[in-house]
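K.L.:
What follows is a protein structure lacking sequence information:
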Ligand SMILES: Cc1cc2nc3c(=O)[nH]c(=O)nc-3n(C[C@H](O)[C@H](O)[C@H](O)COP(=O)(O)O)c2cc1C
């Protein structure tokens, strides 16, 4: 627990047990599930926490309440890592009203069998809830990243409660820099919804904000421009860092040899940053994060039973599913009798916006030879 401001207290929890966050993300430094209390004439609680942390969260609440009882539970997001304890909270604090929007309560009924009809406060865009000194204005943020998400601006302390936006992987009791795990989190969880993040920014961009209180990761209190700038880049699918990612798969090492040679040539050609990732062994979410971070991408894979290798297929799907765009892509294919991987990979991007393709395709027939070496040198020149 800690004070965000004089009246706003952090009452969230850290989770170091979670094996795969949201069922797919490896989170070596765990996760935090954030919840906040506004202690004013009235007491308001922002969101609950994951089901496994009811007792710890209740203990934090009681400590923060210091003998008072809550008047409101504000539900900004219904995903179970935040909403799992709504019913427990409602039972423990029967006087508290549940604040949500028109999309919140039907989802609540689905998860808990009740929508607390007699205790609802249904809010709309721009409506304000006063707790006394604090005026809480609600900002709808549909599909950032669920339909019912809303965020809240406290006009008094100028605090922006940002739901899942501005969150990151990693518990709060682990010291780590923000950008990498926030980028992997954003691209993975919010990446598909860039246009909705842009719509949200159009609404809140002019607000004076002293701190951002997300539902995961640290409360952001300094240099807020840095975070807003990154979200602007990420949500508009722009290149954040100049460089070239080589994402590859290789069964017996020949495609890998081609990739290693290509990485060398790229560096010789003055490429500012070369990132190489083995899609079968490296963290897939990290590879996806890198593909969105840098401006150029080389996909290198084996032809595999007349198709492409499974990890490459999965990787490309992660990109196209998140509206991967505004990038340049090059291909390295391997095939021992009928190489066709480059054609298949290129076709996967036919609906993607503003993608340019390198003129050179590297075709390795089983193992690198003089011909494919020359193609590798040519591709490096195009993709540096
Ligand atoms: C299970 C399996 C299936 C393959 N299917 C094809 C194929 O359909 N067409 C083809 O030209 N090569 C095929 N290959 C050969 C690979 O594309 C590639 O030439 C070979 O694995 C050497 O590359 P590597 O050392 O990077 O794995 C296959 C390889 C494996 C292991």
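P.N.:
Yes, it's here. Remember, predicted model here, so these are calculated numbers, not experimental data.

K.L.:
Using the three-state scheme, assign residue 196.
P.N.:
helix (DSSP: H, G, I helix; E, B strand; the rest coil).

K.L.:
sorry, that was for residue 202
P.N.:
helix.

K.L.:
ok, it - contacts?
P.N.:
If you count contacts by C-beta atoms under 8 Å, 6 or more residues apart in numbering, residue 202 has none. Just so you know, the C-beta spots here come from the backbone N, C-alpha and C atoms, and that holds for glycine as well.

K.L.:
any idea how far residue 196 is from it?
P.N.:
11 Å (C-beta to C-beta, to the nearest Å).

K.L.:
now swap in residue 23 and tell me
P.N.:
On the measure of C-beta to C-beta, residue 23 and residue 196 end up 22 Å apart.

K.L.:
same check, this time on residue 7
P.N.:
For residue 7, the distance to residue 196 - C-beta to C-beta - is 31 Å.

K.L.:
before we move on, the earlier item: compare neighbour counts for residue 23 and residue 196 and give me the winner.
P.N.:
residue 196 (17 against 6; other C-beta atoms under 10 Å).

K.L.:
That one is in contact with residue 146, isn't it?
P.N.:
No: Residue 196 is beyond contact range of residue 146, at 10.6 Å (criterion: C-beta atoms under 8 Å).

K.L.:
Centroid-nearest residue for the chain?
P.N.:
Closest to where the C-alpha atoms of the chain average out (C-alpha atoms, centre = their mean) is residue 186, at 2.1 Å.

K.L.:
Distance from the chain centre to stretch 109-118, please.
P.N.:
Distance, stretch centre to chain centre, for stretch 109-118: 28 Å (C-alpha atoms, centre = their mean, to the nearest Å).

K.L.:
mind checking the end-to-end distance for that stretch?
P.N.:
13 Å (C-alpha to C-alpha, to the nearest Å).

K.L.:
Numbering from 455 from now on, please.
P.N.:
Sure, I'll start numbering at 455, so the last one becomes stretch 563-572.

K.L.:
tell me the average confidence for that stretch?
P.N.:
Taken as a whole, stretch 563-572 has a mean pLDDT of 98.

K.L.:
what residues does that stretch touch?
P.N.:
532, 534, 537, 540-541, 544, 552, 559-560, 562.

K.L.:
Give me the buried positions along it.
P.N.:
For stretch 563-572, the neighbour count (16 or more other C-beta atoms under 10 Å) marks 569-570 as buried.
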